Structure formats: C-alpha cells, structure tokens
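**Student:** I would like the atomic coordinates for the input below:
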Amino acid sequence: MKVVSISHIWREELRASLGPDVDYITADPDDEAAVADAISDAEILVTTKFDAAMSAHTRSLKLLVCPSAGTEGIDRAHLPRGVDVINGQGHEIPIAEYVIGTLVALRQKLLQADKALRDGRWEFGFLGPGGFVGELWGSRLGLVGFGRIGKEIVPRAAAFGMTTAALTMHPEKAANSITGLARIGDLKNADEVDELCSRSDAIVLCCELSDRTRGLIDARRLSLMPPNALIVNISRGPVADEEALYEALRDGAIAGAALDVWYDYPQTKGERTFPSRFPFSELDNVIMTPHSSGWTEGHWRRKRARMAEVINTFARKGRLPQ
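**Tutor:** Numbers count the residues shown, from 1 in each chain. Below you'll find the model as predicted:
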C-alpha cells in the first residue's frame, strides 16, 4: 500500500515504524509539482492540508492521516467519498497538564510575584501590599469542546477540587461518567455557550476551529464572564476574537489568560514573529507560550506509535484499528 507523507514534520520519523507491506515516500509540501506527482496513486496520505487542487490529483485515496489535533486544513468537501480522516493523538496528556499548570500559575499570580521579588518587592503574602492570591479549589471550570483533550483535563481538574461543565458539538455521543464532570451541553446552542461563560471561573478553549467556532468568544461573551475569570486557549487563536480578548485582559474585565495558540505565526522555522497585532506581551496577567503545550517527547512517541498503528492496520486489513 502506498503511503505518502507531505507533512513538514512527520517525514523520516515514521518510516522505521511501518510494516513491509507499506511503500512509504515523502514529498516536500512546498513543491506543488512533487506533491501532485506523489499523491496521484497514494492510498494513504499523511498531511495537515487537503484542498481542491490536491483532490484533483488523487485517484486511489482511501485514508487521510492528519498528524495535528485540528483538522481545519482538511477541506472535507473535496475528499473523495468514503475517505476517513484520522487526526493526531498523544498530545492530550501534556496539554491537560499545561491547562492545570497555567491555571495554578494565574490564580497564584506566580509571574507577577516572581517579577516583583526579582526587583526586591514582596508583592503578595503577609509581607506585601498585594493582598491574597487565589486557588482552584471549589471553582467552576468550563470546557468549550470535549474531545480527547477535554477528557484528560476533567480528572486533573477534579484532583484540584474543581467541578467541570463541558460543551461539545455532539452531546448525545459524549460519556459523562467522569469524576468531576457535572454537565455536558450542546456547543451548537448559543444560549448554552452564554451560560457557560457567565457561570465559569475559568474557561478552556479546546474545540476545533470551524466556521461555527471562529470568534465564538467575542466581546459580548467576554462581558458575560465574572471579573475573576480566566481563559486558557489551547485550541486555535481565532476561536477567541483577537481584539476583544486583548481589550478584556488590558482593562481587567477578566482576570487573566494563558495563550498557547495565536493569530500570527512564523512563515519559516526560527523566524522572529510577534504572535498578534495587539501587545499581549505588555500585559502582566497573560501567560504566552509558542504553541508548545503538547510538544513533549512522550507526545512524540505516542503520536508516532498511533499513526503507525493506523497505517499498518489499514495496509494489512483494509480497516482502522479498533
């Protein structure tokens, strides 16, 4: 079975894990002619992008393996009928740890306290004027999206004394028998999104970017949140309106945010690029990270093993692994 990888990242790393019945080749994603030639008889593609131009060149495609969690780069309208899309796995554990870690850091004001003490100022605690720091215990967490990442967050939040409500595109399919999960609602219902915003002490954006979720957290919904609210975005930047989020954080309408996904990205590896047209870096209530929350060695091993399992099983048996 011919498998073609046109990923910038997943190239030779996969080869050693694939079986002898897999003919594995790589094509430079930036070379359109090479991609068109390589995918013409490919049965499995490893790619984060699929569009009309690529569809025109595929004749034998049966399965698309998208290494990333988000599949917004896959134009499903142009996928041949019957082609399954499998997205990446293995990042859920470190991202869930990132969520809890940043929530603790924001509530405890660790960044502000660290910066002040390096300047000799005892900003918080009984020796300083800054008053109390916060805690997670007894607070309410809202998840916008409830896939594999959300399912890893819930038990970790429960261990910190938080109760969680989640919204998902398919609430009828979601299992709610997870310790700490109080309720599952419908992400398609605008009133339920409003309610989650107004009733949560912290909100985690962990949904896929789509026409429905783009700008979902806008100025109006930010205004519904209590002033102590936190936002953690590990989904895609545009799920939260860029200008509205900056202004809410700047003006203290919400207490803080941890942002691992952004609005502007480097075009080449190592390029110096600011992640937004707004100066989030000037705000002391924001944790900024470079889309790195899931980028661990453990994630790499798990994702490689899962993609190899999917490809090998499909090549041998013509179906996906159970």
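**Student:** What is the burial count for residue 13?
**Tutor:** The local packing of residue 13 (other Cβ atoms under 10 Å) involves 14 other residues. Backbone N, C-alpha and C define where each C-beta goes, glycine included.
**Student:** measure it to residue 4 for me?
**Tutor:** Computed as Cβ to Cβ, to the nearest Å, the residue 13 to residue 4 distance reads 15 Å.
**Student:** how about the helices in this protein?
**Tutor:** Along the chain, counting by DSSP state H, helices occupy 12-15, 32-39, 52-55, 92-107, 110-118, 148-159, 190-199, 219-224, 242-250, 297-317.
**Student:** Nearest to residue 142 among these would be which one?
**Tutor:** Smallest distance to residue 142 across the helices of the chain (Cβ to Cβ): 4.3 Å, for helix 190-199.
**Student:** in the closest one, what's buried?
**Tutor:** The neighbour-count check on helix 190-199 (16 or more other Cβ atoms under 10 Å) flags 192-193, 195-197 as buried.
**Student:** Show me what that helix packs onto, helices and strands only.
**Tutor:** strand 140-144, strand 163-168, strand 181-186, helix 219-224 (3 or more Cβ pairs under 8 Å, 6 or more residues apart in numbering; DSSP states H and E).
**Student:** need the contact list for the closest residue to residue 9 other than its chain neighbours.
**Tutor:** Ranked by Cβ to Cβ, 6 or more residues apart in numbering and with sequence neighbours excluded, the top spatial neighbour of residue 9 is residue 67, at 6.7 Å. Shown in contact with residue 67 (Cβ atoms under 8 Å, 6 or more residues apart in numbering): 7, 9-10, 46, 48, 87-88, 303, 307.
**Student:** how far away is residue 67 from residue 131?
**Tutor:** Distance, residue 67 to residue 131, using Cβ to Cβ: 45 Å.
**Student:** Also residue 257?
**Tutor:** From residue 257 across to residue 131, the span is 21 Å (Cβ to Cβ).
**Student:** go on, residue 32?
**Tutor:** Counting by Cβ to Cβ, the gap from residue 32 to residue 131 is 58 Å.
**Student:** And the two? Which one has more around it.
**Tutor:** More crowded of residue 32 and residue 131, by other Cβ under 10 Å: residue 32, with 13 against 9.
**Student:** Local confidence estimate at the nearest residue in space to that one that is not next to it in sequence?
**Tutor:** With sequence-adjacent residues excluded and distances taken as Cβ to Cβ, 6+ apart, residue 32 is closest to residue 53, at 7.7 Å. Turning to residue 53, the model gives it a pLDDT of 92.
**Student:** For my notes, please list the helices of the chain in CSV and give distance to residue 261 for each entry.
**Tutor:** Shown next, in CSV, are the helices of the chain (distance: least, Cβ to Cβ, whole Å):
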stretch, distance to residue 261
helix 12-15, 23
helix 32-39, 26
helix 52-55, 25
helix 92-107, 11
helix 110-118, 19
helix 148-159, 12
helix 190-199, 19
helix 219-224, 17
helix 242-250, 11
helix 297-317, 16
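**Student:** Could you identify which of the helices and strands packed on helix 190-199 is most buried?
**Tutor:** strand 140-144 (a mean of 26; mean count of other Cβ atoms under 10 Å).
**Student:** Just give me how far that one sits from the chain centre.
**Tutor:** How far strand 140-144 lies from its chain's middle: 15 Å, per Cα atoms, centre = their mean, to the nearest Å.
**Student:** In contact with the residue nearest the centre of the chain, which residues are there?
**Tutor:** Nearest to the geometric centre of the chain sits residue 235, at 3.3 Å (Cα atoms, centre = their mean). Listed by Cβ under 8 Å, 6+ apart, the contact set of residue 235 reads 70, 144-145, 205-209, 213, 261.
**Student:** what's the span of stretch 68-78 from first residue to last?
**Tutor:** End-to-end distance of stretch 68-78 (Cα to Cα, to the nearest Å): 19 Å.
**Student:** what does it contact?
**Tutor:** Here stretch 68-78 makes contact (Cβ under 8 Å, 6+ apart) with 47-52, 54-55, 64, 66, 85, 87-88, 91, 147-149, 208-210, 235-236, 294.
**Student:** just checking, which of those belong to strands?
**Tutor:** 64, 66, 85, 87 (DSSP state E).
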